[in-house]
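In: The sequence and its predicted three-dimensional model are supplied below.
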Amino acid sequence: MSEKNREGKRTARERLAVEREKQKAAERRRRTLIVGASVVCVLGLAAVIGVIAANSGKDEDSAKSGPVVTPSGAQGKDGLAIPVGKDDAKATLTVWEDFRCPACKAFETAYRPVIHELTDAGKLRVEYHLATLIDGNMGGSGSRNAANAAACAQDAGGFTAYHDVLYANQPEETDDAFSKNSRLIELAGKVDGLDTPAFRACVEKGTHNSWVVKSNQAFQSGGFGGTPTVLFNGKNIYQDQTMTPAKFKQMVEEANQG
């Protein structure tokens, strides 16, 4: 073999080795991103728990000065559930959520149409519980302030519509836009009749902040893995990888036939 041919093969091998290293590096970056994204709305890491505890403590201190004001119509243990749908519906969906949580938005986007259909038909009752997990993970107060605003909307009879508006306008996870009361009031303008002096005062005063803190404490002590936590008649269906809106609808229909 000529020296020229040997040099050509060596150069080709080197190029191949370089390309393989590039591919390995890209794969490592991809896996890092996947792992990073998977813990965004999940509890369990010691460091994350430490941050949650620290931030939760700050929220508690700031809220302890005011009484726990339960939103109008809230039900369940300690009045921590905001109900949507008829009380006598044969199927119940319990949702623990955080308005800053991207996974919660993904769930809402996928399941909102069927949930509205079933609650409107009287076949499903939804109990919403509000948490402030992302405030703990990322810092800020957007989770708490948005939850307070949602509770204010509940007082005004506009929880469902405002709930959907918040998710439709959810900022990037690192953007604490919901901490600004002006933004929460601006979004209330998208719900007919919600932007009133009473609603504005409720948002600006943080009327339900202590209630939100209490709700988040219940979330933390509930042994849940993260947000959203979705329970159908007590069974965690969010962990079911085969679950779809169509399958969920079928489950509700079957519950109403029994």
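Out: Right, received. Where do you want to start? What you see is a predicted model; the values in this text were computed from it and never measured.

In: mind listing the strands for the stretch 101-250 of the chain?
Out: Under the criterion DSSP state E, counting those that start in this stretch, strands of the stretch 101-250 of the chain are mapped to 124-130, 229-232, 235-236.

In: the helices in the stretch 51-200 of the chain, which residues?
Out: 102-120, 133-138, 142-155, 159-168, 181-188, 197-205 (DSSP state H, counting those that start in this stretch).

In: which residues sit in contact with Asp164?
Out: 108, 112 (CB atoms under 8 Å, 6 or more residues apart in numbering). C-beta here means a position set from N, CA and C on the backbone, and glycine is covered the same way.

In: number of nearby residues for the nearest residue to Tyr162 once chain neighbours are set aside?
Out: Nearest residue to Tyr162, sequence neighbours excluded (CB to CB, 6 or more residues apart in numbering): Ala153, at 3.8 Å. Neighbour count for Ala153, taken as other CB atoms under 10 Å: 27.

In: Against Pro245, how distant is Ala153?
Out: The spacing between Ala153 and Pro245, counted by CB to CB, to the nearest Å, is 25 Å.

In: among the strands of the stretch 101-250 of the chain, which gets the worst mean confidence?
Out: Lowest mean pLDDT of these: strand 235-236, a mean of 94.

In: Partner strands of that one and their direction?
Out: Applying DSSP bridges to the sheet, strand 235-236 is found paired with strand 229-232 (antiparallel).

In: Same question for the partner strand: list its buried residues.
Out: 229-232 (16 or more other CB atoms under 10 Å).

In: Alpha carbons of it, as PDB, please.
Out: Taking Å, rounded to 0.1, in the frame of the first residue of the first chain, the C-alpha atoms of strand 229-232 are listed here in PDB:
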ATOM      1  CA  THR A 229     -51.300  15.000  40.400                       C
ATOM      2  CA  VAL A 230     -54.600  13.700  38.900                       C
ATOM      3  CA  LEU A 231     -56.800  11.300  40.800                       C
ATOM      4  CA  PHE A 232     -59.900   9.700  39.300                       C
END
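
In: Give me the residues contacting that strand.
Out: Outside strand 229-232, the residues that reach it (CB under 8 Å, 6+ apart) are 91-96, 107, 222, 236-238, 248, 251.

In: Could you provide those residues in JSON lines, with additional columns for neighbour count and distance to Gln170?
Out: Formatted as JSON lines, these follow (neighbours: other CB atoms under 10 Å; distance: CB to CB, whole Å):
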{"residue": "Ala91", "neighbour count": "21", "distance to Gln170": "27"}
{"residue": "Thr92", "neighbour count": "17", "distance to Gln170": "26"}
{"residue": "Leu93", "neighbour count": "24", "distance to Gln170": "20"}
{"residue": "Thr94", "neighbour count": "19", "distance to Gln170": "21"}
{"residue": "Val95", "neighbour count": "24", "distance to Gln170": "16"}
{"residue": "Trp96", "neighbour count": "25", "distance to Gln170": "17"}
{"residue": "Phe107", "neighbour count": "19", "distance to Gln170": "12"}
{"residue": "Gly222", "neighbour count": "11", "distance to Gln170": "23"}
{"residue": "Asn236", "neighbour count": "13", "distance to Gln170": "23"}
{"residue": "Ile237", "neighbour count": "16", "distance to Gln170": "22"}
{"residue": "Tyr238", "neighbour count": "20", "distance to Gln170": "18"}
{"residue": "Phe248", "neighbour count": "22", "distance to Gln170": "22"}
{"residue": "Met251", "neighbour count": "18", "distance to Gln170": "27"}
